[in-house]
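Asks: Below is the structure, and that's it, no one-letter string:
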(Lines give C-alpha, C1' and ligand atoms only; values in the text may rest on other atoms or scores of the structure.)
Protein backbone atom coordinates (compact mmCIF):
# COMPACT_ATOMS: atom_id res chain seq x y z
CA UNK A 1 0.00 0.00 0.00
CA UNK A 2 1.25 3.50 -0.86
CA UNK A 3 1.35 5.95 2.03
CA UNK A 4 -0.20 9.21 0.87
CA UNK A 5 2.91 11.03 2.09
CA UNK A 6 4.84 9.40 -0.78
CA UNK A 7 2.59 10.97 -3.40
CA UNK A 8 4.03 13.91 -5.37
CA UNK A 9 4.33 16.94 -3.11
CA UNK A 10 2.49 19.95 -4.49
CA UNK A 11 3.47 22.37 -1.74
CA UNK A 12 6.29 24.84 -2.25
CA UNK A 13 8.83 25.67 0.45
CA UNK A 14 9.51 29.25 1.46
CA UNK A 15 12.54 30.78 3.09
CA UNK A 16 11.44 29.47 6.50
CA UNK A 17 9.71 26.20 7.45
CA UNK A 18 6.35 27.35 6.12
CA UNK A 19 5.12 25.44 3.07
CA UNK A 20 2.71 26.88 0.51
CA UNK A 21 0.17 24.96 -1.56
CA UNK A 22 -1.63 26.99 -4.26
CA UNK A 23 -4.76 24.80 -4.05
CA UNK A 24 -5.01 25.43 -0.29
CA UNK A 25 -4.83 29.16 -0.91
CA UNK A 26 -7.60 28.92 -3.51
CA UNK A 27 -10.04 26.87 -1.47
CA UNK A 28 -9.55 28.27 2.04
CA UNK A 29 -12.19 30.99 1.60
CA UNK A 30 -15.02 28.77 0.27
CA UNK A 31 -14.23 26.12 2.87
CA UNK A 32 -14.34 28.70 5.65
CA UNK A 33 -17.67 30.00 4.38
CA UNK A 34 -19.24 26.58 5.00
CA UNK A 35 -17.48 25.95 8.31
CA UNK A 36 -18.61 29.35 9.53
CA UNK A 37 -22.20 28.29 8.84
CA UNK A 38 -22.12 24.82 10.40
CA UNK A 39 -19.72 24.99 13.37
CA UNK A 40 -21.06 26.46 16.63
CA UNK A 41 -19.74 29.44 18.52
CA UNK A 42 -16.78 28.74 20.81
CA UNK A 43 -16.21 25.44 19.00
CA UNK A 44 -13.28 23.22 19.95
CA UNK A 45 -12.28 21.81 16.54
CA UNK A 46 -9.87 19.04 15.59
CA UNK A 47 -8.52 19.25 12.04
CA UNK A 48 -7.21 16.00 10.59
CA UNK A 49 -4.37 16.14 8.03
CA UNK A 50 -3.86 19.90 8.27
CA UNK A 51 -1.25 19.91 5.49
CA UNK A 52 0.81 23.06 5.17
CA UNK A 53 -1.10 25.02 7.84
CA UNK A 54 -2.61 27.59 5.48
CA UNK A 55 -6.15 26.48 6.28
CA UNK A 56 -5.91 26.41 10.05
CA UNK A 57 -4.24 29.81 10.37
CA UNK A 58 -6.90 31.34 8.11
CA UNK A 59 -9.81 29.76 9.99
CA UNK A 60 -8.44 30.65 13.43
CA UNK A 61 -7.87 34.26 12.37
CA UNK A 62 -11.43 34.57 11.06
CA UNK A 63 -13.05 33.06 14.15
CA UNK A 64 -11.18 33.95 17.36
CA UNK A 65 -13.90 32.21 19.39
CA UNK A 66 -12.92 28.84 17.92
CA UNK A 67 -10.13 26.76 19.44
CA UNK A 68 -8.44 25.11 16.46
CA UNK A 69 -6.33 21.97 16.91
CA UNK A 70 -4.34 21.06 13.77
CA UNK A 71 -2.88 17.58 13.32
CA UNK A 72 -0.66 15.70 10.88
CA UNK A 73 1.47 12.57 10.62
CA UNK A 74 4.25 14.13 8.50
CA UNK A 75 6.97 15.82 10.63
CA UNK A 76 7.75 18.35 7.88
CA UNK A 77 4.13 19.45 7.67
CA UNK A 78 3.93 19.68 11.45
CA UNK A 79 6.90 22.05 11.28
CA UNK A 80 5.12 24.09 8.60
CA UNK A 81 1.89 24.30 10.62
CA UNK A 82 3.76 25.41 13.72
CA UNK A 83 5.72 27.97 11.71
CA UNK A 84 2.43 29.48 10.48
CA UNK A 85 1.19 29.44 14.06
CA UNK A 86 4.33 31.18 15.30
CA UNK A 87 4.12 33.86 12.62
CA UNK A 88 0.42 34.49 13.28
CA UNK A 89 0.61 34.61 17.09
CA UNK A 90 -3.02 33.52 17.22
CA UNK A 91 -3.93 32.48 20.77
CA UNK A 92 -6.74 30.18 19.57
CA UNK A 93 -4.52 28.17 17.20
CA UNK A 94 -2.92 25.23 19.03
CA UNK A 95 0.40 23.57 18.28
CA UNK A 96 0.07 20.74 15.78
CA UNK A 97 -0.19 17.23 17.18
CA UNK A 98 0.43 13.85 15.56
CA UNK A 99 -2.76 11.94 14.73
CA UNK A 100 -2.69 8.82 12.54
CA UNK A 101 -6.23 7.97 11.44
CA UNK A 102 -5.08 4.66 9.96
CA UNK A 103 -4.85 3.37 13.54
CA UNK A 104 -8.12 1.96 14.78
CA UNK A 105 -7.44 3.49 18.22
CA UNK A 106 -6.59 7.00 16.99
CA UNK A 107 -9.64 8.47 18.72
CA UNK A 108 -8.18 7.54 22.12
CA UNK A 109 -5.42 10.15 21.67
CA UNK A 110 -7.73 13.18 21.50
CA UNK A 111 -10.42 14.61 23.76
CA UNK A 112 -14.09 15.18 22.93
CA UNK A 113 -14.55 17.86 20.27
CA UNK A 114 -17.33 20.12 19.01
CA UNK A 115 -16.13 19.64 15.45
CA UNK A 116 -13.85 17.50 13.30
CA UNK A 117 -12.72 18.80 9.91
CA UNK A 118 -10.88 16.92 7.16
CA UNK A 119 -10.12 18.08 3.63
CA UNK A 120 -8.67 16.48 0.51
CA UNK A 121 -7.55 13.23 2.07
CA UNK A 122 -10.09 10.43 1.59
CA UNK A 123 -9.08 9.86 -2.05
CA UNK A 124 -5.45 9.41 -0.92
CA UNK A 125 -6.06 6.62 1.60
CA UNK A 126 -7.51 3.08 1.40
CA UNK A 127 -11.00 2.12 2.53
CA UNK A 128 -9.70 0.74 5.83
CA UNK A 129 -8.35 4.16 6.79
CA UNK A 130 -11.62 5.85 5.76
CA UNK A 131 -13.53 3.41 7.98
CA UNK A 132 -11.12 3.97 10.88
CA UNK A 133 -11.44 7.75 10.51
CA UNK A 134 -15.24 7.91 10.52
CA UNK A 135 -15.61 5.35 13.30
CA UNK A 136 -13.12 7.30 15.41
CA UNK A 137 -14.75 10.62 14.62
CA UNK A 138 -18.08 9.30 15.89
CA UNK A 139 -16.38 8.53 19.21
CA UNK A 140 -14.54 11.84 19.50
CA UNK A 141 -17.46 14.15 18.73
CA UNK A 142 -19.53 15.57 21.58
CA UNK A 143 -23.32 15.59 21.52
CA UNK A 144 -24.36 17.82 18.58
CA UNK A 145 -20.75 17.81 17.36
CA UNK A 146 -20.14 18.37 13.63
CA UNK A 147 -18.15 16.21 11.22
CA UNK A 148 -17.14 18.18 8.10
CA UNK A 149 -15.47 16.36 5.19
CA UNK A 150 -14.36 18.26 2.07
CA UNK A 151 -12.89 16.90 -1.13
CA UNK A 152 -13.45 15.18 -4.48
CA UNK A 153 -15.84 12.23 -4.72
CA UNK A 154 -17.46 9.93 -7.22
CA UNK A 155 -21.15 10.78 -7.63
CA UNK A 156 -23.32 7.64 -7.48
CA UNK A 157 -20.33 5.60 -8.62
CA UNK A 158 -19.42 7.91 -11.51
CA UNK A 159 -16.53 10.32 -12.03
CA UNK A 160 -18.10 13.51 -13.33
CA UNK A 161 -15.23 15.48 -14.90
CA UNK A 162 -12.31 14.72 -17.18
CA UNK A 163 -9.88 16.00 -14.57
CA UNK A 164 -11.34 13.67 -11.95
CA UNK A 165 -11.11 10.71 -14.31
CA UNK A 166 -7.43 11.43 -14.99
CA UNK A 167 -6.51 12.05 -11.36
CA UNK A 168 -8.34 8.93 -10.15
CA UNK A 169 -6.51 6.86 -12.78
CA UNK A 170 -3.17 8.30 -11.68
CA UNK A 171 -3.88 7.45 -8.04
CA UNK A 172 -4.98 3.90 -8.91
CA UNK A 173 -1.83 3.39 -10.97
CA UNK A 174 0.27 4.25 -7.92
CA UNK A 175 -1.84 2.14 -5.58
CA UNK A 176 -5.05 0.27 -6.50
CA UNK A 177 -6.27 0.62 -2.89
CA UNK A 178 -6.61 4.39 -3.13
CA UNK A 179 -8.61 6.73 -5.36
CA UNK A 180 -11.91 8.59 -5.34
CA UNK A 181 -14.54 7.34 -2.90
CA UNK A 182 -18.23 7.23 -3.77
CA UNK A 183 -20.34 9.87 -2.06
CA UNK A 184 -23.15 7.43 -1.23
CA UNK A 185 -20.69 4.91 0.25
CA UNK A 186 -19.27 7.56 2.57
CA UNK A 187 -22.74 8.76 3.55
CA UNK A 188 -23.74 5.16 4.33
CA UNK A 189 -20.64 4.73 6.48
CA UNK A 190 -21.36 7.98 8.33
CA UNK A 191 -24.94 6.93 9.05
CA UNK A 192 -23.87 3.41 10.06
CA UNK A 193 -21.73 5.07 12.74
CA UNK A 194 -24.87 6.67 14.17
CA UNK A 195 -24.12 10.12 12.78
CA UNK A 196 -26.86 12.14 11.12
CA UNK A 197 -26.24 13.62 7.67
CA UNK A 198 -27.10 17.32 7.67
CA UNK A 199 -25.85 18.73 4.35
CA UNK A 200 -24.25 17.64 1.08
CA UNK A 201 -22.91 20.84 -0.43
CA UNK A 202 -21.57 21.32 -3.96
CA UNK A 203 -18.28 23.24 -3.87
CA UNK A 204 -16.00 24.85 -6.48
CA UNK A 205 -13.74 22.65 -8.63
CA UNK A 206 -16.26 19.79 -8.52
CA UNK A 207 -15.71 19.09 -4.81
CA UNK A 208 -18.27 18.20 -2.15
CA UNK A 209 -18.70 19.11 1.50
CA UNK A 210 -20.31 16.38 3.59
CA UNK A 211 -21.68 17.68 6.91
CA UNK A 212 -22.89 15.31 9.63
CA UNK A 213 -23.95 15.75 13.25
CA UNK A 214 -23.68 13.50 16.29
CA UNK A 215 -27.16 13.31 17.85
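Replies: Cool, got the structure. Keep in mind that what you see is a predicted model, and the values were worked out from it rather than measured.

Asks: where exactly do the strands run in the chain?
Replies: 12-13, 19-20, 44-48, 67-72, 97-98, 113-119, 141-151, 196-203, 207-213 (DSSP state E).

Asks: between the last one and strand 196-203, what angle do the directions make?
Replies: Looking back up the chat, that one is strand 207-213. With axes from the mean of the first three to the mean of the last three C-alpha atoms, to 10 degrees applied, the angle from strand 207-213 to strand 196-203 works out at 160 degrees.

Asks: give me the beta-bridge partners of residue 149?
Replies: residue 118, residue 210 (DSSP bridges).

Asks: from what I can see it touches residue 201, true?
Replies: No: here residue 149 lies out of contact with residue 201, judged by C-beta atoms under 8 Å, at a distance of 10.7 Å. C-beta: built from backbone N, CA, C; applies to glycine.

Asks: Which neighbours do the two have in common?
Replies: Jointly contacting residue 149 and residue 201 under the rule C-beta atoms under 8 Å, 6 or more residues apart in numbering are 209, 210.

Asks: Tell me how far residue 41 lies from residue 184.
Replies: Using C-beta to C-beta, to the nearest Å, we find residue 41 at a distance of 32 Å from residue 184.

Asks: Looking at those two now, which is surrounded by more residues?
Replies: residue 184 (14 against 8; other C-beta atoms under 10 Å).

Asks: show me what contacts the more buried one?
Replies: For residue 184, the contact set (C-beta under 8 Å, 6+ apart) comprises 156, 157.

Asks: Now do the residue nearest the centre of the chain against residue 131, distance only.
Replies: The chain has residue 118 as the residue nearest its centroid, 1.5 Å off, counting by C-alpha atoms, centre = their mean. Relative to residue 131, residue 118 is positioned 14 Å away (C-beta to C-beta).

Asks: burial count for the residue lying closest to residue 198 once chain neighbours are set aside?
Replies: Of all residues not flanking residue 198 in the chain, residue 211 sits nearest, at 4.6 Å (C-beta to C-beta, 6 or more residues apart in numbering). Neighbour count of residue 211, defined by other C-beta under 10 Å: 21.

Asks: if I look at residue 211, how far off is residue 174?
Replies: When residue 211 is compared with residue 174 (using C-beta to C-beta), they lie 30 Å apart.

Asks: Report whether the expected contact of residue 52 with residue 76 is present.
Replies: No: using C-beta under 8 Å, residue 52 is not in contact with residue 76, being 9.8 Å away.

Asks: which residues are in contact with both of those two?
Replies: With C-beta under 8 Å, 6+ apart, residue 52 and residue 76 have common neighbours residue 19.

Asks: Looking at those two, which is more packed in?
Replies: residue 52 (25 against 15).

Asks: The nearest residue to that one once chain neighbours are set aside bridge partners, please.
Replies: Closest residue to residue 52 apart from its sequence neighbours, by C-beta to C-beta, 6+ apart: residue 19 at 4.2 Å. Beta bridges link residue 19 to residue 13, judged by DSSP bridges.

Asks: hang on, residue 19 packs against residue 80?
Replies: Yes: Residue 19 lies in contact with residue 80 (C-beta under 8 Å); the separation is 4.2 Å.

Asks: And the two? Which one has more around it.
Replies: residue 80 (27 against 23).

Asks: Done for today, thanks.
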